[in-house]
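**Q** coords below, sequence missing:
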């Protein structure tokens, strides 16, 4: 951040969830009347980031094919006046000569190149349109250029610096070691893989899970199979229309559906911290791809599992994809990446250590205790356990604490991630309040037509439950709430907290026969909630309180 504010180039490599976006968003917000140009490959990612910035009161916009022509012209006029702190463009848009000519009249603070590994032919997601950004230095000699990526080997990092012609860049290379992630690699076949998948998902009942599928056809097959087993899941792949992809992503982001089955098309820029497991149903194309996708688990810093259920027949599918490449050199690089990922799954060396060494890091430790090689085990993947023997119930309504009680005393030393409640200073998170406020967040997101995570992240929701503010000043003390969000949502949240307390009080004073208690309590809560609504709307109730 200091380098960018001082006008210096930068090359930044940080893991998924490590704060790359903040590294250019914060300096951009501080440089008034100037605009940071952010180059990003995904429309959905740009839309989400612009919406999030708007919620924080930071002026931002995007230019791409989805934006109507008249709105694009208005954005371009406003950009010339320095109205925006950040302006998002696709690499294809930046390659157009007229765009470059227009940008030369915009008061630019810096260029931020996201997913910068795409510019390197050695990168696992090389995109030719990224190569055209090599002319940025020539066209904008006085503006700093910063490259950001989560997955770049030493060779790729050097290529990024060379291609973008970065001048004495500040190199910020974070550690590739994610100690809260637990890597488990399991070889299986077409008969055992479905059972292992079901067993693993049941271990995370009530938690958010991503399942990566190798093909679009496999996405559909997996969703149908899970449905037969009583597990609700939704899909995500490149051939879905944009609206359907958006709906499915939003359903998963707002916890309406806990399991998402997707191809590699899903994930870039997904900002969901509380993912407890990422499951791969085949060999990824490379260590870089695996690290990037598996790294979407545990972004909240809590333990999470990265499970790879691979088959020897995956080699045939990867070979098919490799043979589709026209360039012999590109084919050769793809085969080299395949050999490395194959060595990774066959190796008896620590998984964490292998990943760090691949990216050029030199770890001082030999074992991690957080991968299958170093002794970490998942009971659900034991070859002696069948699905019928597992005590987990594949219903998302089952409370995690019920699931945890099914374990033996020995197994409780390693509770499933879904059964570990959040605690703070000895206080356990109030799950009922968390669920209540999460429902408020979901309804508010629908009302505004934005992602629930844009209103507040899960970590903010947790902080809200622990602090239970009683004033707007208290709301501002909650992590993730500044002046703008307090202004937008503060009063409604305070009303929701008061309503929850009122419902709780009603429950405490209600007595009923034990066998009738649960349904009667639910009805009492429903009636109390309905009764509270008109008083909230009148304004009198708020003032009296």
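**A** Yes, it's here. Just so it is clear, the model here is predicted, and its values are computed rather than measured.
**Q** where does the prediction get shaky in this structure?
**A** For the chain, applying pLDDT under 70 flags the ranges 267-271, 382-421, 506-545.
**Q** okay, now the domains of it?
**A** Using automatic domain parsing, the domain parsing of the chain gives 2-173, 181-381, 427-544.
**Q** reformat these as JSON lines; add mean neighbour count.
**A** Any C-beta I mention is one placed from the backbone N, CA and C, and that applies to glycine too. JSON lines is the format used below for these (neighbours: other C-beta atoms under 10 Å):
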{"stretch": "domain 2-173", "mean neighbour count": "18"}
{"stretch": "domain 181-381", "mean neighbour count": "18"}
{"stretch": "domain 427-544", "mean neighbour count": "15"}
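**Q** return the distance of the one helix or strand residue 356 maps to from the chain's centre.
**A** Using DSSP states H and E, residue 356 sits within helix 351-358. The chain centroid and the centroid of helix 351-358 are separated by 22 Å under C-alpha atoms, centre = their mean, to the nearest Å.
**Q** who does the helix or strand hosting residue 316 touch, helix- and strand-wise?
**A** Take DSSP H and E as the rule and residue 316 turns out to sit in helix 314-323. Contacts defined by 3 or more C-beta pairs under 8 Å, 6 or more residues apart in numbering; DSSP states H and E place helix 314-323 against helix 328-346.
**Q** ok, and what's touching the helix it packs on?
**A** Here helix 328-346 makes contact (C-beta atoms under 8 Å, 6 or more residues apart in numbering) with 121-122, 124, 126, 185, 187, 283-288, 290, 308, 310, 315, 318-319, 321-323, 325, 351, 354, 358.
**Q** now it against helix 314-323, angle please.
**A** Helix 328-346 runs at 160 degrees relative to helix 314-323, counting by axes from the mean of the first three to the mean of the last three C-alpha atoms, to 10 degrees.
**Q** oh, and call the first residue 6 from now on, that's how I've got it
**A** Got it, the first residue is 6 from now on, which makes the last one we talked about helix 333-351.
**Q** how far off centre is helix 333-351?
**A** Between the centre of helix 333-351 and the centre of its chain there are 27 Å (C-alpha atoms, centre = their mean).
**Q** next, the angle helix 356-363 makes with that helix.
**A** Going by the same axes, to 10 degrees, helix 333-351 makes 150 degrees with helix 356-363.
**Q** break down the stretch 6-155 of the chain into its strands, ranges please.
**A** 15-18, 40-44, 65-68, 91-94, 113-118, 150-154 (DSSP state E, counting those that start in this stretch).
**Q** so can I have a markdown table of these showing distance to residue 442?
**A** Shown next, in a markdown table, are these (distance: least, C-beta to C-beta, whole Å):
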| stretch | distance to residue 442 |
| --- | --- |
| strand 15-18 | 34 |
| strand 40-44 | 32 |
| strand 65-68 | 27 |
| strand 91-94 | 30 |
| strand 113-118 | 34 |
| strand 150-154 | 33 |
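**Q** nearest to residue 454, of those?
**A** Evaluated with C-beta to C-beta, the strands of the stretch 6-155 of the chain place strand 65-68 nearest to residue 454, the distance being 16.3 Å.
**Q** packing partners for that closest one?
**A** helix 48-60, helix 74-85, strand 91-94.
**Q** paired strands for it, with orientation please.
**A** Counting by DSSP bridges, the strands paired with strand 65-68 are strand 91-94 (parallel).
**Q** quick one: distance of the partner strand to the chain centre.
**A** Per C-alpha atoms, centre = their mean, the centroid offset for strand 91-94 relative to its chain is 21 Å.
**Q** hmm, who's touching it?
**A** With contact meaning C-beta under 8 Å, 6+ apart, strand 91-94 is reached by 29-30, 33-34, 40-45, 51, 54-55, 58, 63-69, 80, 84, 104, 111.
**Q** same thing but at 10 Å, please
**A** For strand 91-94, the surrounding residues in contact (C-beta atoms under 10 Å, 6 or more residues apart in numbering) are 26, 29-30, 33-34, 40-45, 48, 50-52, 54-55, 58, 63-69, 80-81, 83-84, 100-101, 104, 108, 111, 113-117, 119.
**Q** by contact count, what packs against the lengthiest helix in the chain?
**A** Using DSSP state H, we find that the single longest helix of the chain is helix 488-513. Contact analysis of helix 488-513 by 3 or more C-beta pairs under 10 Å, 6 or more residues apart in numbering; DSSP states H and E lists helix 48-60, helix 436-453, helix 457-460, helix 463-472, helix 477-481, helix 522-543, helix 545-549 as its packing neighbours.
**Q** and that helix, how far out from the chain middle?
**A** Offset of helix 488-513 from its chain centre (C-alpha atoms, centre = their mean): 28 Å.
**Q** so that helix versus helix 436-453, what angle?
**A** Using the same axes, to 10 degrees: helix 488-513 against helix 436-453 is 130 degrees.
**Q** next, the angle helix 463-472 makes with helix 488-513.
**A** Using the same axes, to 10 degrees: helix 488-513 against helix 463-472 is 50 degrees.
**Q** report the inter-axis angle for helix 488-513 versus helix 48-60.
**A** Orientation check (the same axes, to 10 degrees): helix 488-513 against helix 48-60 gives 90 degrees.
**Q** what about residue 23? Give its phi and psi, please.
**A** Backbone torsions of residue 23, given as degrees, to the nearest 10, read phi -80, psi -10.
**Q** who are the contact partners of the residue nearest to it when sequence neighbours are not counted?
**A** Closest residue to residue 23 apart from its sequence neighbours, by C-beta to C-beta, 6 or more residues apart in numbering: residue 179 at 5.7 Å. When contacts are counted by C-beta under 10 Å, 6+ apart, residue 179 touches 17, 18, 19, 20, 23, 24, 25, 155, 366.
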